[in-house]
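>>> sequence first, predicted coordinates after that:
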Amino acid sequence: MNKRNMIIKNASEVVTCSGFTAKKGKEMSDLGIIEKGAVVVEDGIIKAVGPQSEILQKYDEEKYDVLDADGKALLPGFVDSHTHYIWGGYRAEEFSWRLRGDDYMDIMNRGGGILSSVRQTKAASKEELYRDGMKRLDSMLSFGVTTVEGKSGYGLDFDTEIKQLEVMQDTDRDHPIEVVKTYLGAHAVPKEYKGREDEMIEEIINDVLPVVVEKKLAEFCDVFCEKNVFSIEQSRRLLSKAKEMGLKVKLHADEIVPLGGAELAAELGAVSADHLLQASDEGIDQMAKEGVVATLLPGTAFSLKEKYARGREMIDRGAAVALATDLNPGSCFSESIPLIFSLATLYMNISTEEAITAFTINGAAALDRADTIGSIDAGKKADMILLEFESYKFIPYHIGVSTVEKVIKDGKLVYDKEGSPAVYR
Ligand code: NIG
Ligand code: FE
């Protein structure tokens, strides 16, 4: 089954999510479903998709490996477009402080939070970071993720930021999940830079960004634009320079207080703005107009006991919404795709169809890859998942449990729940 040439037949439905750009507003409800569909894959690329009767007339089954979907639903692989999956150590103690009422930002301002993960990531060897990163990717694969974004930002200093990005590169090479790398050197302010944030931004611009660009260690630059972290002006300065140097940009925006991060994302032509719990109406409208993807991370709001981002309103105002896990050791230690589906559908009033769009074609758009992944369209990478059930409607319905049976990446079967858990090894 690993020849990258296959016909998948007898799918009860092929949920194509067809499209080559982000879907906005009402378009998010259209999943482009083909009942009793089949898909032809050649050299890891989707060659054709359509009703089975037509496909099997045109393509000779004898010439392909045949995967019998046995009346189950076939979808594009999920794109988790916002994670921090490489870090050292854990913050379980901090989680229990938060349970008793301590504030997330207060913990960070006392030197814990992100800064605690920074200390532990500095202390970790590359081998340790690699081993844990691979394990986390295995877990994501079992949830049907075929492309993931990963951010640095637990180093802050030059050496550790580069170490994190290099480990991401190594895991990308060795794991079937494709990794999109983001440099997030401006993720927190270390003690020695308190009150000297402008200097820290200049050092990043002068010393780190040129190396990241030259060594092709990242495709995106991100910043934690937040009160008591980096201001709108500092974020604008950093991201404008990153753009000039050839990186694409995204932001952690309007997460804790309404600072105008959504407006800045629109002004800069960011590919996405993420979190947006406190985004203003103007910010949302400007993002919709400029085609900035609104990446929502309900697992983080859930874990921080904050109000969810206004996803329903964003879609109704014509924005393109993506959903992602935000997997990280602090604000959301979860890579669970089913959890995010449950939160989005049950608590944010996002429909199942919109949530699927948000995790496929719009997730791809949040990584500037809507032309190559995120849907089952001829010409795209053959990244697909087969569910255990006949309908996509089971995804949020089976609460908190993965409904994914098989995962195909670049035309290869890389995960099979019925066989050994990770078949790619
Ligand atoms: O996306 N908000 C900033 N950064 C991460 C949290 C990182 C952490 O707590 O370690 C986030 O939520
Ligand atoms: Fe994040």
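Alright, I've got the coordinates. Numbering: from 1, shown residues only. Ligands and ions are numbered 1, 2, ... in the order given.
>>> lowest confidence element among the helices and strands of this structure?
helix 104-109 (a mean of 91; mean pLDDT, DSSP states H and E).
>>> buried residues, that one. List them.
104-105, 107-108 (16 or more other C-beta atoms under 10 Å). In this view, the C-beta of every residue, glycine as well, is placed from N, C-alpha and C.
>>> now stretch 99-118
104-105, 107-108, 112-118.
>>> residues in contact with stretch 400-410: which ones?
Contact partners of stretch 400-410, identified using C-beta atoms under 8 Å, 6 or more residues apart in numbering, comprise 4, 8, 41, 44, 67, 72, 77, 141-144, 146, 176-178, 336-339, 342, 381-389, 394-395, 413-418, 424.
>>> would you mind writing the CA trace of it as PDB?
The C-alpha coordinates for stretch 400-410 follow below in PDB (Å, rounded to 0.1, in the frame of the first residue of the first chain):
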ATOM      1  CA  GLY A 400     -13.300  14.100  22.700                       C
ATOM      2  CA  VAL A 401     -12.500  10.900  20.900                       C
ATOM      3  CA  SER A 402     -10.700  10.600  17.600                       C
ATOM      4  CA  THR A 403     -12.900   9.200  14.700                       C
ATOM      5  CA  VAL A 404      -9.800   8.900  12.400                       C
ATOM      6  CA  GLU A 405      -9.100   5.300  11.300                       C
ATOM      7  CA  LYS A 406      -6.400   5.800   8.600                       C
ATOM      8  CA  VAL A 407      -4.200   8.700   7.500                       C
ATOM      9  CA  ILE A 408      -2.600   9.000   4.100                       C
ATOM     10  CA  LYS A 409       0.200  11.500   3.600                       C
ATOM     11  CA  ASP A 410       1.600  12.200   0.100                       C
END
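>>> let me know how buried the spatially closest residue to Ser81 that is not a sequence neighbour is, in neighbour terms.
Leaving aside its sequence neighbours, Ser81 sits nearest to Ala366 (C-beta to C-beta, 6 or more residues apart in numbering; 3.9 Å). Neighbour count of Ala366, defined by other C-beta atoms under 10 Å: 33.
>>> ok so, going back, reformat the buried residues of stretch 99-118 as JSON lines; add distance to ligand 1.
Shown next, in JSON lines, are the buried residues of stretch 99-118 (distance: C-beta to the nearest ligand atom, whole Å):
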{"residue": "Tyr104", "distance to ligand 1": "7"}
{"residue": "Met105", "distance to ligand 1": "9"}
{"residue": "Ile107", "distance to ligand 1": "9"}
{"residue": "Met108", "distance to ligand 1": "7"}
{"residue": "Gly112", "distance to ligand 1": "10"}
{"residue": "Gly113", "distance to ligand 1": "6"}
{"residue": "Ile114", "distance to ligand 1": "4"}
{"residue": "Leu115", "distance to ligand 1": "9"}
{"residue": "Ser116", "distance to ligand 1": "8"}
{"residue": "Ser117", "distance to ligand 1": "5"}
{"residue": "Val118", "distance to ligand 1": "9"}
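>>> which residues of the stretch 101-250 of the chain fall in helices?
Taking DSSP state H, counting those that start in this stretch to define them, one finds helices in the stretch 101-250 of the chain at 104-109, 114-123, 126-142, 158-174, 197-203, 209-214, 232-244.
>>> out of these, nearest to Gly318?
Closest approach to Gly318 among the helices of the stretch 101-250 of the chain (C-beta to C-beta): helix 232-244, 24.1 Å.
>>> buried stuff in the closest one?
Across helix 232-244, burial judged by 16+ other C-beta under 10 Å covers 232, 234-239, 241-242.
>>> next one: stretch 247-259
247-256, 258-259.
>>> and these near ligand 1, which?
252, 255 (C-beta under 6 Å from any ligand atom).
>>> from the buried residues of stretch 247-259, which ones fall inside strands?
Here DSSP state E is the test, and those give 248-253 as lying in strands.
>>> any idea which of the residues you listed is closest to Arg98?
Looking across these and measuring by C-beta to C-beta, the closest to Arg98 is His252, at 18.8 Å.
>>> correct me, but that closest one touches His275?
Yes - between His252 and His275 there is a contact under C-beta atoms under 8 Å: 5.7 Å.
>>> what about Val407, which SS state?
Three-state assignment for Val407 (DSSP: H, G, I helix; E, B strand; the rest coil): strand.
>>> the closest residue in space to it that isn't next to it in sequence: what secondary structure?
Closest residue to Val407 apart from its sequence neighbours, by C-beta to C-beta, 6+ apart: Tyr415 at 3.8 Å. Classification of Tyr415 using three-state DSSP returns strand.
>>> which pLDDT value goes with Thr419?
One correction, residue 419 is Gly, not Thr. pLDDT recorded at Gly419 is 78.
>>> how about Arg425?
Here, the pLDDT recorded for Arg425 equals 62.
>>> do the same with Val118
At Val118, pLDDT is 97.
>>> that one contacts Gln164, doesn't it?
No - Val118 lies out of contact with Gln164 (C-beta under 8 Å); the separation is 10.4 Å.
>>> the closest residue to Thr146 other than its chain neighbours and ligand 1: what is the separation?
Distances taken as C-beta to C-beta, 6+ apart place Gly77 nearest to Thr146, at 2.8 Å, with adjacent residues excluded. Distance of Gly77 to ligand 1, computed by C-beta to the nearest ligand atom, to the nearest Å: 23 Å.
>>> quick check: residues of the stretch 201-350 of the chain near ligand 1?
224, 252, 255, 300, 326, 328-331.
>>> pipe these into CSV and attach pLDDT and distance to Thr372 per row.
Output for those, formatted as CSV (pLDDT from 0 to 100; distance: C-beta to C-beta, whole Å):
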residue, pLDDT, distance to Thr372
Phe224, 97, 29
His252, 97, 26
Glu255, 95, 29
Thr300, 97, 28
Asp326, 98, 24
Asn328, 98, 27
Pro329, 98, 31
Gly330, 97, 32
Ser331, 96, 30
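>>> just the closest of these to ligand 1, please.
Gly330 (2.3 Å; C-beta to the nearest ligand atom).
>>> check contacts around the closest residue in space to Val148 that isn't next to it in sequence.
Nearest non-adjacent residue to Val148, counting by C-beta to C-beta, 6+ apart: Asp80, 4.7 Å away. Residues near Asp80 by C-beta under 8 Å, 6+ apart: 140, 145, 147-149, 324-325, 327, 335, 337, 359, 363.
>>> run the last query once more with 7 Å
By C-beta atoms under 7 Å, 6 or more residues apart in numbering, the contact set of Asp80 is 140, 145, 148-149, 324-325, 363.
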